[in-house]
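>>> this one's sequence-less:
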């Protein structure tokens, strides 16, 4: 006979599988009719070159491991382009050439299918999102049982932010998966040290360092976690022994750290084909001095609070500018060939371009990071049901009398989100909720553990609260479908108020060109004036338009005074820092008017004033 416990486990396992299926189908259908977002073509192009041509000149600012996954096993000849010419050669010395190259390949060369290629790649990326949801449920189940796993799975699978970013050819969700696996490996080693667990920890640390450069945070997190485990009063099983002495536990922690760092170091070199240079030609190298000037220029933007600096201003800044210790250390590592040059180049570019990228928050723009940017982003972009559940969970653990979960379990769950969020809050890169997605799986696990514990002690009230949480979350997910990028919770005013709160990938990322094309086919009498925020080419979608100030689209038509005008304005245009005061005033005036339509909750249509 099947025991009651086995039957319950099977039931919750089926429930989790069903939630993951809902997540996969929702993510796929929501994105199947949307254009490439701002970064996707560049990442796709970099992945293709790294996987099929063993060449890292394109997109070095994103480590290649997740790109190998995206492009691995595909037909090399599916994408047509030339590996010669001025643009190809200059990508080694000028990062601006990347954009010219991928636009030429995707949208200008005949025979390439930008829509079909991106759709296939998104299916692969979506599977990583499913894996992240499964991993979140697994760890919650391990810590709190089947109920905890099911609640954590529901919190993830019904979350609009993960539905927004999981299908994208982007490394934010892969980074979340890598860091969840990393902390699970740390937790496992903290329970018992074995050779297999140490090897897994080193390999997963290497994965984190080769998916996204924010993975560097895993190094101090590992040191903190192992030191904390050694200082805990609990004995630490290690191989055949149980380590009781604190000094001995610190020695074990040091040994685990050294082994992990050694394995991850080899892993990084292996990910870059055990080669220092970016190409198979050992004489072709990146010009790291370019990174020096890029970093100096971005800090000059912050110092002068302007982008349009004169040559004299830049020259004066260059003469007195000195990079910080992180930058100097990375340059020293590159100069001494201690890591692949491509990894160093990417790290330097990421670090150096974080300042001086104007970010919009609560009605104002800033060229340097604001500590409260991500707390605000979390408050307005997280579903209201999840925020309420987290508040209830915090209150529950604060006032309950029963003992807390094991201290090591708590530390393993809380350390990474605390350190990661703190690092984000001190960063100058304030461009989207996607940059703190790695903290969410840990919060979902905590929700699962709270629900499971409360059900055992207060089954009636707990069932009611859990039901309201799931129903509320499902309602927010369904009402946002299929436009998850511009999702804002109800308390923040929803997507309608989004452009007044945040910008960039929080609002519009260039994904609505098919919707614009459909609107134009239905309204051929109007001449479209377009303010686009993206890297895809609207002409590829047969859109005819006149470019507006600040638009990133190529120039197309000229204004025809005999036709009525309709303005199609990205939600990001209302606070674009790159445009003239006159253009900004025009956009702000439009924002005060009621649009005649809103495409994808982020492209605002206005008749001519």
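Thanks, I have the structure now. None of these values were measured; they are calculated from a predicted model.

>>> And for residue 508, nearest residue in space, chain neighbours not counted?
Once flanking residues are discounted, residue 508 sits nearest to residue 602: 3.8 Å by C-beta to C-beta, 6 or more residues apart in numbering. C-beta here means a position set from N, CA and C on the backbone, and glycine is covered the same way.

>>> would you list every one of the strands in this structure?
236-238, 241-243, 359-361, 364-366, 527-531, 546-547, 565-570, 597-599, 603-607 (DSSP state E).

>>> which stretch among these comes nearest residue 258?
Across the strands of the chain, residue 258 has its closest neighbour in strand 236-238 (14.4 Å, C-beta to C-beta).

>>> In that closest one, which residues are buried?
For strand 236-238, the neighbour count (16 or more other C-beta atoms under 10 Å) marks 236, 238 as buried.

>>> Stretch 570-582 too?
By neighbour count with 16+ other C-beta under 10 Å, stretch 570-582 contains the buried residues 570, 571, 572, 573, 574, 575, 576, 577, 579.

>>> Reformat those as JSON lines; add pLDDT.
Below are those laid out as JSON lines (pLDDT from 0 to 100):
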{"residue": "570", "pLDDT": "95"}
{"residue": "571", "pLDDT": "93"}
{"residue": "572", "pLDDT": "92"}
{"residue": "573", "pLDDT": "91"}
{"residue": "574", "pLDDT": "89"}
{"residue": "575", "pLDDT": "85"}
{"residue": "576", "pLDDT": "77"}
{"residue": "577", "pLDDT": "71"}
{"residue": "579", "pLDDT": "79"}
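
>>> how far is stretch 536-548 from where the chain is centred?
27 Å (C-alpha atoms, centre = their mean, to the nearest Å).

>>> and the end-to-end length of it?
Here the two ends of stretch 536-548 are set 16 Å apart, with distance taken as C-alpha to C-alpha, to the nearest Å.

>>> And the contacts of that stretch?
Residues outside stretch 536-548 that contact it (C-beta atoms under 8 Å, 6 or more residues apart in numbering) are 35-36, 41, 103, 106-108, 114, 510, 513-514, 516-517, 520, 527-532, 553-559, 567-569, 573, 583.

>>> mind showing which ranges of the stretch 301-450 of the chain have poor pLDDT?
By pLDDT under 70, the low-scoring segments of the stretch 301-450 of the chain are 400-405.

>>> quick one, what contacts the residue lying closest to residue 67 once chain neighbours are set aside?
Using C-beta to C-beta, 6+ apart and skipping residues adjacent in sequence, the residue nearest residue 67 is residue 47, 3.4 Å away. By C-beta under 8 Å, 6+ apart, the contact set of residue 47 is 59, 64, 67, 68, 70, 71, 121, 169.

>>> what about residue 9, how many neighbours?
15 (other C-beta atoms under 10 Å).

>>> From residue 298, how far out is residue 78?
36 Å (C-beta to C-beta, to the nearest Å).

>>> which one of those two has more residues nearby?
residue 298 (19 against 15).

>>> so how far is residue 427 from the residue nearest to that one when sequence neighbours are not counted?
Sequence neighbours aside, residue 356 is the residue nearest to residue 298 in space, at 3.5 Å (criterion: C-beta to C-beta, 6+ apart). Noted for residue 356: a distance of 13 Å to residue 427, by C-beta to C-beta.

>>> What of residue 510?
23 Å.

>>> quick one: which of these two has more around it?
Ranked by neighbour count (other C-beta under 10 Å), residue 510 and residue 427 place residue 510 first, with 26 against 20.

>>> tell me the contacts of that one?
35, 36, 37, 38, 532, 533, 534, 535, 536, 552.

>>> Go again with 7 Å.
35, 36, 37, 38, 532, 533, 534, 535, 536 (C-beta atoms under 7 Å, 6 or more residues apart in numbering).

>>> Ramachandran coordinates for it?
phi 90, psi 20 (degrees, to the nearest 10).

>>> Which residue, other than its chain neighbours, is closest to it?
Here the residue nearest residue 510, using C-beta to C-beta, 6+ apart, is residue 534, at 1.8 Å.

>>> For residue 189, state which of the contacts of residue 510 is nearest.
Distances from residue 189 to those, taken by C-beta to C-beta, are shortest for residue 37, at 37.1 Å.

>>> The closest one contacts residue 508, doesn't it?
No. Applying C-beta atoms under 7 Å, one finds residue 37 not in contact with residue 508, separated by 9.3 Å.

>>> if you count what's nearby, which of these two comes out ahead?
With neighbours defined as other C-beta under 10 Å, residue 37 and residue 508 compare such that residue 508 has more, 30 against 25.

>>> Tell me, what's the model's pLDDT at the more buried one?
For residue 508, the model assigns a pLDDT of 95.

>>> returning to what we had before: quick one: which of the contacts of residue 510 is most hemmed in?
Most surrounded of these: other C-beta under 10 Å gives residue 36, at 30 neighbours.

>>> Distance check, the closest residue to residue 206 other than its chain neighbours against residue 372.
Distances taken as C-beta to C-beta, 6+ apart put residue 267 closest to residue 206, at 2.7 Å, once the chain neighbours are dropped. To residue 372, residue 267 is 36 Å away according to C-beta to C-beta.

>>> out of these two, which sits in the more crowded spot?
Between residue 267 and residue 372, residue 267 has the larger neighbour count (other C-beta under 10 Å), namely 19 against 13.

>>> if I read this right, the more buried one contacts residue 208, doesn't it?
No. Under the criterion of C-beta under 7 Å, residue 267 makes no contact with residue 208, lying 9.9 Å away.

>>> Pass me the low-pLDDT residue ranges in the protein, would you?
1-7, 400-405.

>>> Angles on the backbone of the residue nearest to residue 510, please.
Note on residue 534: backbone dihedrals following degrees, to the nearest 10 are phi 180, psi 180.

>>> give me every residue that touches it.
Listed by C-beta under 7 Å, 6+ apart, the contact partners of residue 534 are 37, 38, 509, 510, 552.

>>> what's the longest helix anywhere in the chain packed up against?
What stands out as the longest helix in the chain, according to DSSP state H, is helix 114-144. Secondary-structure packing of helix 114-144 (3 or more C-beta pairs under 7 Å, 6 or more residues apart in numbering; DSSP states H and E): helix 4-31, helix 40-52, helix 65-71, helix 146-157, helix 172-191, helix 440-457.

>>> now the angle from it to helix 146-157?
150 degrees (axes from the mean of the first three to the mean of the last three C-alpha atoms, to 10 degrees).
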